[in-house]
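Student: I'll drop the sequence and a predicted model, then ask my questions.
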Amino acid sequence: LAGLLESAGPEADALLLLTLARLEAPSQDLLVLERVRGYLGHPNERLASLACLAADKLRDHQAVPDLIVLLSGSDANLRARAYATLTDLTGLPLDRDAEAWIAWLDGALSWWDERSEPCRVALVSGAPAAAAAAIQEVAGQRLFLDQLAQLLELALLRPEPDLVRSACRALGTMPEPAARVALERAAAHPDPAVAGEARAALERLLHPRTPVRRSSPIRPP
């Protein structure tokens, strides 16, 4: 479907984007994500809005910077759609002020540049205290949630049950496929307390008590 984009005009593109937005599962295909992401800056606001829907359903966390740009656009409907997708992909309670999102993005990108690798090292081979601090630090980030879940998954291999339990709790706050897969594996941990924590975290992801706010229902173009 993504390969057909830009091949038959705006109406066909709208239908293709709408179909992608109705998929039942996120996509790991980088080509699909890149093709859809390219429409976020499309001059046709209708296509850009549908691209927001598709990026949300595909769980394209790399689209976050582009979505923040859309908050400063002239079209109110597109701004609202971009904001809904942003909050879905990050879980942040920021308002629609573009400057607030830009300030957050600057800090989050700096964290990835400066702190992600030290945290990874601490999670894999650091002392228990350093690993515990890294779990808390990673859990506090909200940019590129899919990659954050993969970082936390490293802590599940630690020999300290308390650290593994802490990582499970952190993964339980990230509604991403990577987090669910990691918790499913941890649910088979030989330590009953760890396995119980993983099952509880997985339950919170699959059946949240307070449903995550989603964007408005998808309507045909």
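Tutor: The structure has been received and is ready for your questions.
Student: okay, now the nearest residue to residue 40 once chain neighbours are set aside: neighbour count?
Tutor: Of all residues not flanking residue 40 in the chain, residue 66 sits nearest, at 4.4 Å (Cβ to Cβ, 6 or more residues apart in numbering). All C-beta spots, glycine's among them, are computed from the backbone N, C-alpha and C. Other residues near residue 66 come to 20 when the count uses other Cβ atoms under 10 Å.
Student: my read: residue 66 touches residue 38, true?
Tutor: No. Residue 66 is not in contact with residue 38 according to Cβ atoms under 8 Å; the separation is 9.1 Å.
Student: Distance check, the residue nearest to residue 40 against residue 60.
Tutor: Distance, residue 66 to residue 60, by Cβ to Cβ, to the nearest Å: 9 Å.
Student: Quick check: neighbours shared by the two?
Tutor: Shared contacts of residue 66 and residue 60 (Cβ atoms under 8 Å, 6 or more residues apart in numbering): residue 37.
Student: pLDDT of the top helix by length along the chain, averaged?
Tutor: Longest helix of the chain, by residue count under DSSP state H: helix 98-114. The average of the pLDDT scores along helix 98-114 is 97.
Student: How about it, which residues are buried there?
Tutor: 98, 101, 104, 108, 111 (16 or more other Cβ atoms under 10 Å).
Student: burial of residue 202, as a residue count?
Tutor: 20.
Student: Could you find the closest non-adjacent residue to it?
Tutor: Counting by Cβ to Cβ, 6+ apart, residue 183 is the residue found nearest to residue 202 once chain neighbours are left out, at 4.3 Å.
Student: Contacts only, for the residue nearest to residue 40.
Tutor: 37, 40-41.
Student: My guess is residue 98 contacts residue 68. True?
Tutor: Yes. Counting by Cβ under 8 Å, residue 68 is a contact partner of residue 98 at 6.6 Å.
Student: circling back: check which element follows the longest helix of the chain along the chain.
Tutor: helix 116-125 (DSSP states H and E).
Student: could you dump that following helix to CSV, C-alpha only?
Tutor: Taking Å, rounded to 0.1, in the frame of the first residue of the first chain, the C-alpha atoms of helix 116-125 are listed here in CSV:
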residue,chain,number,x,y,z
SER,A,116,21.0,6.9,26.5
GLU,A,117,24.3,5.1,26.0
PRO,A,118,25.5,5.6,29.7
CYS,A,119,22.1,4.2,30.7
ARG,A,120,22.4,1.3,28.4
VAL,A,121,25.8,0.4,29.9
ALA,A,122,24.4,0.8,33.4
LEU,A,123,21.5,-1.5,32.6
VAL,A,124,23.7,-4.2,31.1
SER,A,125,26.8,-4.2,33.4
